[in-house]
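Trainee: A structural model of the following input is requested.
(one chain, ligands or ions: 1)
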Amino acid sequence: MYYGKGDVFVYRTYAKPLKGIKKIPESNFKGRNNTILGMDIQVALKGDAFLPSFTKGDNTSVIATDSMKNFILYHAGEFEGSTMEEFLEFVSGKFLETYSHINGVTISGKQFPFQEVEIPSEQEFTPSDTVFRQGLLEQPYASLEMERTEEDKFQVVDQWSGVEGLRLMKVKGSSFYGFIKDEYTTLPETFDRPLFIYLNIRWRYKNPKDAHGKRPVNYVCAEQVVQIAQTMFHQEDSPSIQYLIYVIGKRILMRFPELGEVTFESNNRTWDTVLEEIPSSLKGKVFTDPRPPYGFQVFSMTPEEVKEWEK
Ligand SMILES: O=c1[nH]c(=O)c2[nH]c(=O)[nH]c2[nH]1
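Mentor: Down below sits the predicted model:
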């Protein structure tokens with residue numbers, strides 16, 4: 001039993017910048033200035049005290065979901081940290097602190113990346129400090145489960161970070177062949193397909209406190225994970241999406257030994273070929289989007305499992 005509020009849009013300006021993250025070869029990302037920390041938050045509260053509101057229509061213990069929204073927004077103004085993960089933990093703790101009849105909080109958020117626009121100056125283009133573009137498809141993700149352990153104590157029982165909505169296309173160099181061929185098979189083998197994938201990647205830390213970003217060298221930015229995925233897609237001529245996500249996961253775990261698990265949800269959106277050949281004076285082919293249904297893959301991996309599989 002739980003109830004809550006979804007799509008609580010929070011825009012906090014001039015949050016503490018996230019500086020001092022680890023440098024990795026696949027990424028030129030340096031950190032987040034957090035001039036705008038934008039988040040779409042979903043919160044749910046749990047507690048036996050809410051039972052009468054369901055069974056008897058007794059609202060005595062009900063915190064209106066409208067108040068939950070205000071609570072989150074109000075506390076965004078008090079937030080001193082630099083990551084969405086830390087904000088979710090901060091505000092969950094405040095809920096449990098403020099309302100003693102709540103037993104647990106489930107909360108998640110998607111971050112809106114705002115990028116500085118480039119402004120022409122004397123010699124070159126320089127980043128604006130006031131104008132930002134909300135342009136990217138992919139969004140950093142975080143979720144948290146917090147439970148009351150004693151009257152005034154609570155602990156994080158589950159924590160995930162991630163990136164959602166990544167879409168990557170590789171125009172050549174991907175194949176898919178060697179699969180079972182039987183009376184149900186109509187798919188031709190392909191040795192060079194235009195591979196378009198949708199990807200959600202999630203990770204958790206060996207030490208959940210590292211998700212805060214308080215020790216920035218231990219924090220994994222979604223932007224860096226995206227650049228690892230892009231790099232591996234570029235470098236590998238993949239025989240399948242299954243193998244591609246494995247290779248991306250291995251690289252993520254290698255670069256960030258702070259992580260205890262990484263998990264993928266991929267969706268196959270490989271384009272349909274319309275024109276295999278176009279006039280000989282021209283280069284290329286013509287494609288269109290595939291029709292449903294779409295294939296998907298889900299794969300989780302820990303550093304220990306990788307060690308075992310790579311033997
Ligand atoms: O990368 C792929 N993996 C599959 O399992 C699969 N199945 C399919 O029809 N196309 C693909 N592509």
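
Trainee: what's in contact with stretch 82-92?
Mentor: 15-18, 32, 34, 37, 39, 41, 43, 71-72, 75-76, 79, 81, 105, 107-109, 111, 140, 142-144, 146, 154, 156, 159, 161, 211-214, 219 (Cβ atoms under 8 Å, 6 or more residues apart in numbering). Every C-beta, even on glycine, is put in place using the N, C-alpha and C of the backbone.

Trainee: redo that, cut-off 6 Å
Mentor: The contact list for stretch 82-92 (Cβ atoms under 6 Å, 6 or more residues apart in numbering) reads 16, 18, 34, 39, 72, 75, 79, 105, 107, 109, 111, 142, 144, 146, 161, 211-213.

Trainee: how far away from the center of its chain is it?
Mentor: Remark: stretch 82-92 is offset 15 Å from the chain centroid, using Cα atoms, centre = their mean, to the nearest Å.

Trainee: now, which of the contacts of stretch 82-92 lie within strands?
Mentor: Met39, Val105, Ile107, Gly109, Gln111, Ala142, Leu144, Met146, Ser161 (DSSP state E).

Trainee: phi, psi for Phe154 please.
Mentor: phi -140, psi 160 (degrees, to the nearest 10).

Trainee: show me the beta-bridge partners of the residue nearest the centre of the chain.
Mentor: Nearest residue to the geometric centre of the chain (Cα atoms, centre = their mean): Val163, 1.8 Å. Beta-bridge partners of Val163, counted by DSSP bridges, are Pro140, Ile201.

Trainee: again, but for Phe296
Mentor: Here Phe296 shows beta-bridge partners Asn267, assigned using DSSP bridges.

Trainee: please tell me how far it sits from Pro188.
Mentor: Phe296 is 21 Å from Pro188, where distance means Cβ to Cβ, to the nearest Å.

Trainee: do Glu26 as well
Mentor: Counting by Cβ to Cβ - Glu26 and Pro188 are separated by 34 Å.

Trainee: more neighbours: which of those two?
Mentor: Glu26 (19 against 8; other Cβ atoms under 10 Å).

Trainee: which phi and psi does the closest residue to the more buried one other than its chain neighbours have?
Mentor: Nearest residue to Glu26, sequence neighbours excluded (Cβ to Cβ, 6 or more residues apart in numbering): Thr231, at 4.3 Å. In terms of degrees, to the nearest 10, the main-chain angles of Thr231 are phi -60, psi -40.

Trainee: correct me, but Gln139 touches Ser161?
Mentor: No: the pair Gln139 / Ser161 is not scored as a contact, 11.9 Å apart, by Cβ atoms under 6 Å.

Trainee: among the two, which residue is more densely surrounded?
Mentor: Taking neighbours as other Cβ under 10 Å, Gln139 and Ser161 compare with Ser161 leading, 26 against 21.
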